[in-house]
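[1] here is my input; please provide its structure:
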Amino acid sequence: MKQIVLITGASSGFGALTARALAKAGHTVYASMRETEGRNAAQVEAAREFANENKADLRTIELDVASQESVDPAIQEIVRDNGRIDVLIHNAGHMVFGPAEAFTPEQLAELYDVNVLSTQRVNRAALPQLRKQRRGLVVWVSSSSAAGGTPPYLAPYFAAKAGMDAMAVVYARELTRWGIETSIIVPGAFTGGTNHFAHAGSPADEARAAEYEAGPYAGFADQVRTGFASIVPADADVSAVAAAIVRLVDTPFGKRPFRVHIDPTEDGAEVVNAVSDRVRAELLRRIGLGDLLRPRDFRTDAQDAA
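    Next up is the predicted model:
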């Protein structure tokens with residue numbers, strides 16, 4: 001069934017790949033990004049060319065996840081044009097790399113804003129429509145770092161992704177009775193095919209970072225990068241994340257898995273999440289809220305009532 005899909009942060013990386021894959025699969029996809037007439041104008045044109053060449057319904061839309069004033073009209077435009085939104089994909093995010101002490105509190109706040117608060121802005125704009133529909137899917141692109149291995153020099157990013165993952169888990173339980181399903185995509189470390197490391201931010205306190213480089217952590221940044229690269233299989237394909245999201249969207253309502261791991265490095269997140277998600281589910285059952293573990297199907301309820 002053709003879905004109306006909005007994906008945030010779709011100018012490059014996982015977002016761009018997923019938007020194209022979903023459009024090729026037959027869905028109407030809104031690839032959102034900021035500065036569509038500025039720095040991302042080339043990405044807008046590339047998406048238009050892809051849509052024409054593949055006869056796919058891929059549309060770009062101006063949406064800055066850091067601004068509620070940008071998010072609200074984008075959501076309104078999608079609903080106005082289609083009458084609904086079926087799938088919301090939280091993908092927008094940013095990475096930083098360097099010793100945690102050298103990042104200013106303001107940098108951490110900005111990173112938290114992009115990776116976590118952005119999802120709240122989009123949810124507050126889109127969820128009223130999904131709740132009105134009594135049907136929908138919210139997909140969160142998390143990270144294996146929220147539960148698996150966490151090498152140093154990525155602390156601010158890891159903390160932000162862990163915050164996003166925690167939001168996703170609790171939001172899922174607050175949406176099931178509205179008929180809204182949740183799935184969390186958990187990519188591992190892909191050192192190729194995305195711009196995560198290439199575009200990663202650096203510490204603002206350069207003097208503090210230099211102290212690390214002049215001390216016992218001299219050359220450590222290269223050690224981390226080399227270490228990551230050494231455990232990523234040669235055949236690791238970042239498009240596997242997009243393919244997993246397409247399969248998820250195409251799965252019938254009520255049958256979608258709560259988590260999907262795509263981790264070529266096998267850093268342990270799948271094991272840890274299996275335990276933590278089971279523990280959380282058991283607590284809900286113990287306190288009489290087991291129904292929150294599955295989305296309510298209002299369409300089936302209506303058929304049964306008839």
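
[2] going forward, measure contacts and count neighbours with C-alpha atoms only.
    Will do.

[3] any idea of the mean pLDDT for the helix ranked longest in the chain?
    Counting residues, the longest helix found in the chain (DSSP state H) is helix 155-175. The pLDDT scores in helix 155-175 average 97.

[4] next SSE downstream of the helix or strand that contains Arg80?
    Here Arg80, judged by DSSP states H and E, is contained in helix 68-82. The C-terminal neighbour of helix 68-82 among helices and strands, as given by DSSP H and E, is strand 87-90.

[5] could you name the helices and strands sitting against that next one?
    strand 4-7, strand 136-141 (3 or more CA pairs under 8 Å, 6 or more residues apart in numbering; DSSP states H and E).

[6] which residues in the protein form strands?
    Secondary structure of the chain, counting by DSSP state E: strands at 4-7, 28-33, 58-62, 87-90, 136-141, 180-187, 259-262.

[7] out of the ones you listed, flag the one nearest Arg173.
    Nearest to Arg173, of all those, is strand 180-187, at 8.7 Å by CA to CA.

[8] elements contacting the closest one?
    Against strand 180-187 (3+ CA pairs under 8 Å, 6+ apart) you get strand 136-141, helix 155-175, strand 259-262.

[9] Val141 reaches Asn91, doesn't it?
    Yes. The pair Val141 / Asn91 is scored as a contact, 5.2 Å apart, by CA atoms under 8 Å.

[10] where are the low-confidence patches of the stretch 151-300 of the chain?
    191-198 (pLDDT under 70).

[11] those helices in it, which residues are they?
    Chain-ordered helices for the stretch 151-300 of the chain, with DSSP state H, counting those that start in this stretch as the definition, fall at 155-175, 206-214, 220-231, 239-250, 269-286, 298-305.

[12] still on that earlier bit, and the angle for the longest helix of the chain with helix 269-286?
    If you take axes from the mean of the first three to the mean of the last three CA atoms, to 10 degrees, helix 155-175 sits at 30 degrees to helix 269-286.

[13] and helix 155-175 with strand 136-141, angle?
    160 degrees.

[14] and helix 155-175, how far out from the chain's middle?
    Centroid displacement of helix 155-175 relative to its chain, using CA atoms, centre = their mean, to the nearest Å, is 10 Å.

[15] again with stretch 77-88
    19 Å.

[16] C-alpha coordinates for it, PDB please?
    C-alpha atoms of stretch 77-88 as PDB (Å, rounded to 0.1, in the frame of the first residue of the first chain):
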ATOM      1  CA  GLU A  77       1.800  21.500   3.500                       C
ATOM      2  CA  ILE A  78       2.100  17.700   3.400                       C
ATOM      3  CA  VAL A  79      -1.300  17.200   5.100                       C
ATOM      4  CA  ARG A  80      -2.900  19.800   2.800                       C
ATOM      5  CA  ASP A  81      -1.500  18.100  -0.300                       C
ATOM      6  CA  ASN A  82      -2.300  14.500   0.700                       C
ATOM      7  CA  GLY A  83      -4.900  14.600   3.500                       C
ATOM      8  CA  ARG A  84      -2.700  12.500   5.700                       C
ATOM      9  CA  ILE A  85       0.800  11.400   6.800                       C
ATOM     10  CA  ASP A  86       1.300   7.700   7.200                       C
ATOM     11  CA  VAL A  87       5.000   7.400   8.200                       C
ATOM     12  CA  LEU A  88       7.200   9.800  10.100                       C
END
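
[17] no further questions, thank you.
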